[in-house]
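Asks: Pasted the sequence and its predicted model underneath.
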Amino acid sequence: MADEMPTFAFPYQPYPIQEQFMQALYGALEDSKVGIFESPTGTGKSLSLICGALSWLKDFEERRIRETAALLQEGEAVLSASTTTTSSSSADPDWITDFVQKKSERELVSKIKEDEMKRKKREERLEMIRHNVQLKYAFKRKSSEEEEALKLLQLSKGAQEQEALGDAADEELIVAEYESDDDCKTKSKFCDDDDEDDDLVEDHVTKIYYCSRTHSQLAQFVHEVQKTAFCKDLRMVMLGSRQNLCINEDVLRLGSIQRINDRCMEMQKNKHEKQQQEEGAKRKRGPAKAVCPYTGASALQTLRNEVLGAVSDIEQLVTLGRKTHACPYYATRLTIPPSQLVVLPYQMVLHAATRRASGIQLKGQILIIDEAHNLSDTLSCIHSAELTGAQLCRSFSQLRQYSERYKSRLKAKNLMYIKQILFVLEGLVQVLGGKVGQNPQSQTTQPGTQLLTINDFLFKAQIDNINLFKLQRYFEKSMISRKLCGFIEKYAGSGVTPHPQPSGLNKENRRTEGLGRYLQTLQKSQSTATASIPASDQQGSAEAERLMSSSPMMQVEGFLMALTNSNKDGRVVVHRQGMLAESSVKFLLLNPAVHFAQVLRECRAVIVAGGTMQPVSDFKQELLFSAGVGEERITEFSCGHVIPPANILPLVLSSGPSGQELEFTFQNRDSPRMMDETGRTLFNLCNVVPGGVVCFFPSYEYSRRMVAHWDSSGALARLAAKKKIFQEPKKANQVEQVLGEYSRCIQRCAVDGSGLTGALLFSVVGGKMSEGINFSDDLGRCVVMVGMPYPNIKSPELQEKMAYLDKHLPHTGGRSPGQALIENLCMKAVNQSIGRAIRHRGDYASIVLCDRRYSRPTTLSKLPEWIRTQTSTHASFGPAFAALRKGFQSVSQSVNADRLVSIMSTLPSLHRPLGLAVGQEAVAFGVGCIITPSPVVGQGQLSHTLNMNK
């Protein structure tokens, strides 16, 4: 770390914990560490990450410029001195020694000069971009997207030219001749080989990759960047999917991500074919192929310049794309190499194939993974794959129809690999107990679940003699999945006879009648099943119908790729559900560290950050130590909250108001006494807690049973007399509506002074409202956790994961790693749920953990430190209730006094309440407060009211 204390251009006066956070982050980046940073939500974590990381990057670049200049000066001095002096100590002749020495010195100096010249030209060009000056020279770069498009082009060259126009129209659907099983390295041909500006080839500068879970979180991060002083000179780009960045309305209307991607790639291939025809190549007969009008080179470069010149989020990128008539998706990828900050979703950086396709290079770079509390689960999810029996049968039928239609136009090696794929699909269907070529919804299977190693699964499917690595390369190089998608899209809806006809069929209908009959059968069965679906679900039905008519070969490709993992790192779950269509095979990744290891090896430093990273020890063991990271490279930082300690009151309730012990184990959680006691506990809490109360249940089913019991016993009516009751919906598109009604109800209750004191929201741990939702201020004055949300211990996937950890990880503290996993999954979910409250410095809330088991020291140790240090355990309900009532009275008085002082400090002295100086204590409880100032000579009493409503 640098000797001087770093300075951070924080937009506001930072809290001490923010200073500590930025200093720890700076040190971790400087020392090339793997950092685990925990900072509660509401403490300015995003701004601390931005200012700490960008301050290091700025210092690093300035230091490298100084070191380069000094090295260049020293090299020139040594080179100059070596021309006047020679050494005679070597056994070689003097002229040989002198020549070798001067040659190496000259090469070093030349390399330094070249790098420095490139850097200066790059800075000059960026300066011109910011002043909106047209670039005077071209740039050359390698783009993985261009290579992908070129690969499509080259693979299409081997297709034979047909004489009939109808056959020519199908040419783009034909798999090109597959000449070799070895990977071929394709040289980019989209830049001139004799480009005179070779020195302007843009290498990847040292940069920071920031990734988070959702596009909304990334957009919020970009808005925080825009608040800082770094925004002015920062080269930043935000990456997204084609679905988020496409501005071609014709493509967007396709709806599904798969169709949008396929159509975009097809138009890119058409574009490069058109370029070759313009260069003199013979045009193939057939209708003109569509080309995207937004991918012109000059337009992309113009948009690229705009992106480099100003910090923009996704919406702003789309607006700029429409303004410049250029594709934001491709322009943002052209912007990656010179960018200092790249903002992108998890999948783009954690999945190796996606990294390559996006042009992301991690070698020597900084990676910051925010919201990393579920990083292990995210890695497992990204690299897992699942196929249903319906998808397998559909893939088999579609590929067989494709093969039969184009049999005479496919080369021998293509036919061989297509037969291998068909053989594999047939084996996978047989594992599920079905047969290909028949309707999967009419085939019954023996229910049951079986968990197999990869090798055992391959033997069971009788596909162990198939080289999956060669098959994987064939999928990648032939683009068979994309071509099959195009084939289905073209013929699934038109020109296909649903039933065989004995005569009068033309050639095209004979070739595709089987496919049409199969799709018609599935659509008919689906329409019968969805005839009674209400109007509110029609959108979902339309989406299901669209998926039914598409090709699932992409999912098949992903599943076969997953099977190439090491035998010990994964398992295959064979799940039969009585009907073949609903049965499934699923690849389960047991060791996510195997895919995270490459990221850790390549990056200079990796920072994982989150509001709740506990328990850290198990996170390190599963993801870092297993990936080969040594303890000496790991650094940890955890800070408290910015709120005063009195603003949070965490309680562990071991029993309810009538003395019934609260322990929601599987054996007694459904007992009427336990449910009644839970209702009484919640009723008492609602009596003293103002505003909103959020109550979390372990599952949707248990929430339903509990509410049904309260409804029959009358407890629900008593609760409704105190607070209006809302329930978390199961459908994601209804969450916003429920939250809006919940918020408006609390606001009305605070104003109209009716009998209701607020609202009560029943939510589910791990549901829509347990993560990413802010219950700040009156929306969440109390968070109640009913029971402990342990995962289903009988799940075959969880049991296999536990067995894997027990076998490969060390036992600590008398517990097996499998047992620790169960506890950790539970407490991670708890920490995420209770973290919905306390969202800023002036916020206050209570956290009530209703279960005796929370009082165990091992369980308490897994709570975030800022909550754990304030948690009190109560064996009986009385003292806990008294502490809760007293706590709300005192904290509301303190908060209202702070608000009053803050408001008065912004008022001119003439408008302040008479006789009350700024900083003088003003204690009040409630929404507003009345202050009667002391008499002042010559003036009478004055009553001054300040409204404290938000």
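Replies: Thanks, I have it.
Asks: residue ranges of the strands in the stretch 201-350 of the chain, please?
Replies: Counting by DSSP state E, counting those that start in this stretch, the stretch 201-350 of the chain has these strands, from start to end: 208-212, 236-238, 341-345.
Asks: Identify the residues contacting H595.
Replies: By C-beta atoms under 8 Å, 6 or more residues apart in numbering, the contact set of H595 is 350-352, 379, 382-383, 589. Every residue, glycine included, has its C-beta placed from N, CA and C.
Asks: Now, those that are in helices?
Replies: 350, 352, 379, 382 (DSSP state H).
Asks: Output those residues in JSON lines; the columns should cover neighbour count and distance to L451.
Replies: Below are these laid out as JSON lines (neighbours: other C-beta atoms under 10 Å; distance: C-beta to C-beta, whole Å):
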{"residue": "L350", "neighbour count": "22", "distance to L451": "25"}
{"residue": "A352", "neighbour count": "14", "distance to L451": "26"}
{"residue": "L379", "neighbour count": "23", "distance to L451": "20"}
{"residue": "I382", "neighbour count": "16", "distance to L451": "21"}
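Asks: Taking those residues together, which two end up most distant?
Replies: Farthest-apart pair in the ones in helices among the contacts of H595 is A352 and L379; separation 11.5 Å (C-beta to C-beta).
Asks: returning to what we had before: mean neighbour count, the strands of the stretch 201-350 of the chain: which tops it?
Replies: The highest average neighbour count among the strands of the stretch 201-350 of the chain, using mean count of other C-beta atoms under 10 Å, belongs to strand 236-238 at a mean of 26.
Asks: Centre-most residue in the chain?
Replies: Computing the C-alpha centroid of the chain and ranking residues by C-alpha atoms, centre = their mean puts R213 first, at 2.7 Å.
Asks: Ramachandran coordinates for that one?
Replies: Main-chain torsions, R213, degrees, to the nearest 10: phi -80, psi -40.
Asks: measure it to L245 for me?
Replies: To L245, R213 is 18 Å away according to C-beta to C-beta, to the nearest Å.
Asks: circling back: between the contacts of H595, which sits nearest S658?
Replies: L379 (46.5 Å).
Asks: what ranges do the strands span in the stretch 801-950 of the chain?
Replies: Along the stretch 801-950 of the chain, counting by DSSP E, counting those that start in this stretch, strands occupy 845-850, 872-874, 929-931, 944-946.
Asks: pretty sure V848 contacts R781?
Replies: No - look at V848 against R781 with C-beta atoms under 8 Å: they stay out of range, at 11.2 Å.
Asks: Does L471 touch L425 like I think?
Replies: No - applying C-beta under 8 Å as the test, L471 and L425 come out as separate, 11.5 Å apart.
Asks: the more surrounded of the two?
Replies: Neighbours were counted for L471 and for L425 using other C-beta atoms under 10 Å; L425 has more, 26 against 21.
Asks: Give me the pLDDT value at the closest residue in space to G35 that isn't next to it in sequence.
Replies: Nearest residue to G35 in three dimensions, chain neighbours excluded: A28, at 3.8 Å (C-beta to C-beta, 6 or more residues apart in numbering). At A28, the model reports a pLDDT of 92.
Asks: what about G434, helix or strand, and which?
Replies: If you go by DSSP states H and E, G434 is not part of any helix or strand.
Asks: Let me know the pLDDT of it.
Replies: Looking at G434, its pLDDT reads 87.
Asks: Which residues are in contact with it?
Replies: Listed by C-beta under 8 Å, 6+ apart, the contact set of G434 reads 389, 393, 440, 443, 445, 580, 583.
Asks: count of neighbours near the fifth one?
Replies: Summarising burial for T445: neighbours were counted as other C-beta under 10 Å, giving 18.
Asks: Can you list phi and psi of it for me?
Replies: phi -130, psi 160.
Asks: Surely it and A581 touch.
Replies: No - assessed by C-beta under 8 Å, T445 is found out of contact with A581, at 9.7 Å.
Asks: shared neighbours of the two, which are they?
Replies: Residues touching both T445 and A581 (C-beta under 8 Å, 6+ apart) are G389.
Asks: Please list the residues outside stretch 848-862 that contact it.
Replies: Stretch 848-862 has contacts (C-beta under 8 Å, 6+ apart) with 614-615, 650-655, 661-664, 678, 681, 685, 782-788, 813, 823-824, 827, 830-831, 834, 868, 871, 873, 884.
Asks: Weed out the non-buried ones from those residues.
Replies: Listed as buried from the contacts of stretch 848-862 are 614-615, 650-655, 662-664, 678, 681, 685, 782-788, 823-824, 827, 830-831, 834, 871, 873, 884; burial here means 16 or more other C-beta atoms under 10 Å.
Asks: Which of those residues fall within helices?
Replies: Reading helices off those with DSSP H, I get 678, 681, 685, 823-824, 827, 830-831, 834, 884.
Asks: TSV please, covering the residues you listed and showing pLDDT.
Replies: Putting those into TSV (pLDDT from 0 to 100) gives the following:
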residue	pLDDT
T678	92
T681	92
L685	90
E823	88
N824	87
M827	89
V830	90
N831	88
I834	86
L884	87
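Asks: got TSV for the residues you listed, with distance to A721 too?
Replies: Listed next are these as TSV, based on distance: C-beta to C-beta, whole Å:
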residue	distance to A721
T678	18
T681	16
L685	14
E823	39
N824	40
M827	35
V830	30
N831	33
I834	27
L884	20
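Asks: Relative to G878, how far out is the nearest residue to C246 once chain neighbours are set aside?
Replies: Take C246 and drop its neighbours on the chain: the residue closest to it by C-beta to C-beta, 6+ apart is L252, 5.5 Å away. Using C-beta to C-beta, L252 is found at 61 Å from G878.
Asks: Equivalent analysis for K730, please.
Replies: Applying C-beta to C-beta to K730 and G878 gives a distance of 37 Å.
Asks: likewise Y210?
Replies: Counting by C-beta to C-beta, the gap from Y210 to G878 is 49 Å.
Asks: okay, and for the stretch 801-950 of the chain, where does confidence drop off?
Replies: Applying pLDDT under 70 to the stretch 801-950 of the chain picks out residues 891-950.
Asks: got the contact list for S551?
Replies: 394-395, 398, 481, 484-485, 487-488.
Asks: And F775, how far from Q220?
Replies: When F775 is compared with Q220 (using C-beta to C-beta), they lie 17 Å apart.
Asks: Between the two, which has more neighbouring residues?
Replies: For F775 versus Q220, the count of surrounding residues by other C-beta under 10 Å is larger for F775: 27 against 13.
Asks: pretty sure that one is touching F696, no?
Replies: No - taking contacts as C-beta under 8 Å, F775 lies outside contact range of F696: 11.0 Å.
Asks: Mind listing the shared neighbours of those two?
Replies: By C-beta under 8 Å, 6+ apart, the residues touching both F775 and F696 are V783.
Asks: of the ones in helices among the buried ones among the contacts of stretch 848-862, closest to S312?
Replies: Distances from S312 to those, taken by C-beta to C-beta, are shortest for N831, at 33.9 Å.
Asks: my guess is M785 meets A837, correct?
Replies: No - with contact defined as C-beta under 8 Å, M785 does not reach A837; the gap is 11.4 Å.
Asks: what touches both of the two?
Replies: Contacts common to M785 and A837, judged by C-beta under 8 Å, 6+ apart, are I847.
Asks: can you pull the contacts of the spatially closest residue to G766 that is not a sequence neighbour?
Replies: Distances taken as C-beta to C-beta, 6+ apart place A829 nearest to G766, at 5.5 Å, with adjacent residues excluded. Taking C-beta under 8 Å, 6+ apart, we find A829 in contact with 765-766, 770, 789.
Asks: swap the cut-off to 6 Å and go again
Replies: With contacts defined as C-beta atoms under 6 Å, 6 or more residues apart in numbering, A829 is in contact with 765-766, 789.
Asks: The contacts of S551 into TSV, with extra columns for pLDDT, distance to T324 and secondary structure?
Replies: As requested, those are exported to TSV (pLDDT from 0 to 100; distance: C-beta to C-beta, whole Å; DSSP: H, G, I helix; E, B strand; the rest coil):
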residue	pLDDT	distance to T324	secondary structure
R394	88	41	helix
S395	89	41	helix
Q398	87	40	helix
S481	83	33	helix
L484	83	35	helix
C485	78	30	helix
F487	79	35	helix
I488	78	35	helix
